[in-house]
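Asker: this one's sequence-less:
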C-alpha cells in the first residue's frame with residue numbers, strides 16, 4: 001500500500017498548485033473517504049496475508065503460501081463490490097454531513113476514477129506481500145519506485161498539459177496501479193525461483209475457494225481490518241473535524257496529515273519487516289532468535305522515529321511550499337509542523353510494536369487496544385481540545401496524541417508481559433498442521449467426486 005500513500009501525496013501536490021481551495025479540499029476529503037472505507041479495508045485483509053504466508057514459508061510449505069495468497073485475492077474482490085457502491089455515492093454522503101458543496105462535488109469526480117485504481121492496488125499489494133514474505137522484496141520495491149516516479153509524469157501530463165483538473169490524478173492512479181500489477185506479475189512468473197513461481201504463485205484452486213478456509217483467513221482478516229480502519233479513521237475524522245473549523249483549516253489539516261503519512265512510511269516498512277521476520281522465525285520454531293529480533297527492531301524503530309521527527313522540524317517550510325502556494329495554508333502549516341515533529345516519535349513507536357505483535361498472529365487484543373486508544377480516548381479528547389478549549393487545529397492533534405500514547409503503553413504491555421512466545425510458536429505449528437490436514441481431506445473429496453463422475 002506504500003504506492004497508494006505516495007501517489008496520494010503526489011496527487012495532492014498537483015491539485016494544490018491549481019490554486020483552488022475547493023479542489024484541494026475535495027481531493028483531501030476524497031482521500032480521507034477512500035482511506036476509511038476502502039484502502040484501509042484492503043490493507044487490513046492483506047496484512048493477515050503477511051502473517052499466514054510468512055509462517056508457512058518458515059515451515060517451507062510453498063503450496064500453503066499460494067493458498068493463502070489466492071484467498072486474499074478472492075476476499076479483496078468480494079469486499080470491493082459493496083465498497084464500490086458506497087464510493088459511487090460519496091457526494092450524497094458528504095452533503096448529508098454538511099460539507100461544502102463544491103468540495104464535495106470535486107471529491108466525487110476524483111473518486112469515480114479512483115474506484116478501479118484502488119481495486120487494482122489491492123490485488124497488486126497482495127502479490128507484493130507474497131513476494132516480500134518469501135524474500136523477494138527488492139525488485140517489487142524497485143518496480144514501485146519507478147512507477148511512482150512515472151506517476152509524477154502522468155499527473156503532469158493529464159493535469160497540467162491536458163487540463164483535466166482533479167480528474168487528471170485519478171486517471172493517473174489507474175495507469176500507475178495497472179503498470180504495477182502487470183510488472184509484478186511478470187516478475188513473479190518469469191524471474192523468481194521455481195518453488196515460488198510454480199508452487200506458490202498458482203491459479204486459484206478449489207481449496208482456495210473453500211468456505212471454511214476463507215472463514216479461517218477472516219479470523220485474522222477481520223481484526224486486522226478493524227485495527228487498520230480504526231487507526232486510519234481516527235486520523236481522517238480529524239479532517240472531518242477540521243472541516244467545521246473552516247476551509248483553510250481543512251486544507252492545512254490535509255497538508256499536515258499527508259506529511260505524517262509520508263514520513264510514517266519508514267515506520268511502516270519496519271512494521272512489515274518485523275511482522276514478516278517474527279512470523280518466519282516463529283513458524284520455523286526459532287523462538288529465541290525471534291525474541292532477540294524484537295529487541296533489535298525496537299531499537300531501530302526508535303531511531304527511525306527520532307530521525308523523521310527531526311526531518312519534519314527542520315524542513316517544515318520546504319514541505320509546506322511543496323504542497324501548496326496558498327499563503328494562509330503555508331503559515332498555519334509551519335506552526336503545526338513543529339508539534340507534528342514531536343507527535344511522530346510517539347506514533348512511530350506504537351507502529352513498530354504493532355508489527356511485532358502481528359508477527360505473533362495475535363490480532364484480537366491489539367484491535368481492542370486500538371479501539372480504546374483511537375476512538376474511546378482520541379476522539380473525545382480531540383473535541384475537547386479543538387472545540388471546547390478553542391485551540392483549533394493543534395487541539396485536534398493534542399487529543400490524538402493522548403489516545404496514541406495510551407495505545408503505545410498497551411502494546412508495550414502485550415509485547416513484553418502478556419504473550420508467552422514459546423506457546424505462540426507451538427500454537428502456530430498446531431494450526432498449520434490442522435489446515436494442511438483439512439486441505440488434504442478436501443483434495444481427497446474432490447478426487448472421489450471425479451472418480452464417481454467418470
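Answerer: Everything's here; your move. In this text, all values refer to a predicted model and were calculated from it rather than measured experimentally.

Asker: Quick one: distance of the one helix or strand residue 332 maps to to the chain centre.
Answerer: Assigning secondary structure by DSSP states H and E places residue 332 in helix 327-359. Averaged C-alpha coordinates place helix 327-359 at 16 Å from its chain's average position (CA atoms, centre = their mean, to the nearest Å).

Asker: Packing partners of it?
Answerer: The contact analysis (3 or more CB pairs under 8 Å, 6 or more residues apart in numbering; DSSP states H and E) places helix 327-359 against helix 40-58, helix 247-263, helix 265-283, helix 287-314, helix 316-323, helix 364-371, helix 393-413. For every residue, glycine as well, the C-beta is placed using N, CA and C.

Asker: average model confidence for the fifth one?
Answerer: What it means is helix 316-323. Across helix 316-323, pLDDT averages out at 81.

Asker: Buried residues of it, list them for me.
Answerer: Buried positions in helix 316-323, judged by neighbour count with 16 or more other CB atoms under 10 Å: 316, 319-320, 322-323.

Asker: contacts for that helix?
Answerer: The contact list for helix 316-323, computed with CB atoms under 8 Å, 6 or more residues apart in numbering, reads 12-13, 16, 255, 258-259, 312, 329-330, 333-334, 337-338, 341.

Asker: Let's see that with 10 Å instead.
Answerer: When contacts are taken as CB atoms under 10 Å, 6 or more residues apart in numbering, the neighbours of helix 316-323 outside the stretch itself are 9, 12-13, 15-17, 24, 251-252, 254-256, 258-259, 262-263, 311-312, 315, 326, 329-338, 340-341.

Asker: pLDDT below threshold where in the stretch 351-454 of the chain?
Answerer: Under the criterion pLDDT under 70, the flagged ranges of the stretch 351-454 of the chain are 442-454.

Asker: I'd like the distance between residue 309 and residue 321.
Answerer: Distance check for residue 309 against residue 321: by CB to CB, to the nearest Å, it reads 20 Å.

Asker: Redo the buried residues of helix 316-323 as a markdown table? Include distance to residue 39.
Answerer: Converted to a markdown table, those look like this (distance: CB to CB, whole Å):
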| residue | distance to residue 39 |
| --- | --- |
| 316 | 27 |
| 319 | 23 |
| 320 | 25 |
| 322 | 23 |
| 323 | 20 |
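
Asker: What is the nearest of these to residue 405?
Answerer: The nearest member of the buried residues of helix 316-323 to residue 405, counting by CB to CB, is residue 316 at 22.8 Å.

Asker: how about stretch 194-206: buried residues?
Answerer: Going by neighbour count (16+ other CB under 10 Å), the buried part of stretch 194-206 is 196, 200-202, 205.

Asker: So which of those is the closest to residue 120?
Answerer: For residue 120, the nearest member of these is residue 201. The distance, counting by CB to CB, is 17.8 Å.

Asker: and residue 392, how many neighbours does it have?
Answerer: By the measure other CB atoms under 10 Å, the count of residues near residue 392 is 17.

Asker: Oh, that last question was meant for residue 366, not what I typed.
Answerer: Per other CB under 10 Å, the neighbour tally for residue 366 reads 23.

Asker: now swap in residue 72 and tell me
Answerer: Other residues lying near residue 72 total 30 when counted by other CB under 10 Å.

Asker: Please pull up the helix or strand immediately following the helix or strand harbouring it.
Answerer: Secondary-structure assignment from DSSP H and E places residue 72 in helix 62-88. On the C-terminal side of helix 62-88, the nearest following helix or strand under DSSP H and E is helix 90-96.

Asker: Can you give the distance from that next one to the centre of its chain?
Answerer: For helix 90-96, the distance between its averaged C-alpha position and the chain's averaged C-alpha position is 24 Å (CA atoms, centre = their mean).

Asker: show me what contacts residue 277?
Answerer: Going by CB under 10 Å, 6+ apart, residue 277 touches 54, 58, 133, 289-290, 293-294, 296-297, 355-356, 359.

Asker: for residue 203, that is, sorry about that
Answerer: Under the criterion of CB under 10 Å, 6+ apart, the contact partners of residue 203 comprise 66, 70.

Asker: again with residue 115
Answerer: If a contact means CB under 10 Å, 6+ apart, then residue 115 has 34, 38, 80, 83-85, 87-88, 90, 170, 174 as its contacts.

Asker: Residue 138 too?
Answerer: By CB under 10 Å, 6+ apart, the neighbours of residue 138 are 131-132.

Asker: So for it, what's the pLDDT?
Answerer: 85.

Asker: And for the one 4 residues further on?
Answerer: As predicted, residue 142 sits at a pLDDT of 89.

Asker: And for it, the neighbour number?
Answerer: Residues within reach of residue 142, counting by other CB under 10 Å, total 12.

Asker: Could you give the backbone dihedrals for it?
Answerer: Torsion angles at residue 142 (phi, psi; degrees, to the nearest 10) stand at phi -60, psi -40.

Asker: Tell me how far it lies from residue 180.
Answerer: 11 Å.

Asker: which SS class is residue 164?
Answerer: Under the three-state scheme (DSSP: H, G, I helix; E, B strand; the rest coil), the conformation of residue 164 reads as coil.

Asker: swap in residue 98?
Answerer: Under the three-state scheme (three-state DSSP), the conformation of residue 98 reads as coil.

Asker: got a list of what it touches?
Answerer: The contact partners of residue 98, taken as CB under 10 Å, 6+ apart, are 104, 240, 243-244.

Asker: Pick out whichever of the residues you listed sits closest to residue 409.
Answerer: Comparing the contacts of residue 98 against residue 409 with CB to CB picks out residue 240 as the nearest, at 26.9 Å.

Asker: Please name the residues that touch the closest one.
Answerer: Residues in contact with residue 240, defined by CB under 10 Å, 6+ apart, are 29, 32-33, 36, 94, 97-99, 233, 250, 253.

Asker: next one: residue 311
Answerer: If you count contacts by CB under 10 Å, 6+ apart, residue 311 has them with 259, 263, 266, 319, 341, 344.

Asker: Show me the shaky parts of this protein.
Answerer: Judged against pLDDT under 70, the low-scoring parts of the chain cover residues 1-5, 19, 442-454.

Asker: ok so, going back, show me what counts as buried in the helix holding residue 72.
Answerer: Of the residues in helix 62-88, 62-76, 79-80, 83, 87 count as buried by neighbour count, 16+ other CB under 10 Å.

Asker: before we move on, the earlier item: show me what counts as buried in the helix holding residue 332.
Answerer: Of the residues in helix 327-359, those with enough neighbours to count as buried (16+ other CB under 10 Å) are 329-330, 332-333, 336-337, 339-341, 343-359.

Asker: One more: stretch 404-416?
Answerer: For stretch 404-416, a neighbour-count test (16+ other CB under 10 Å) marks 404-408, 410-411, 414-415 as buried.
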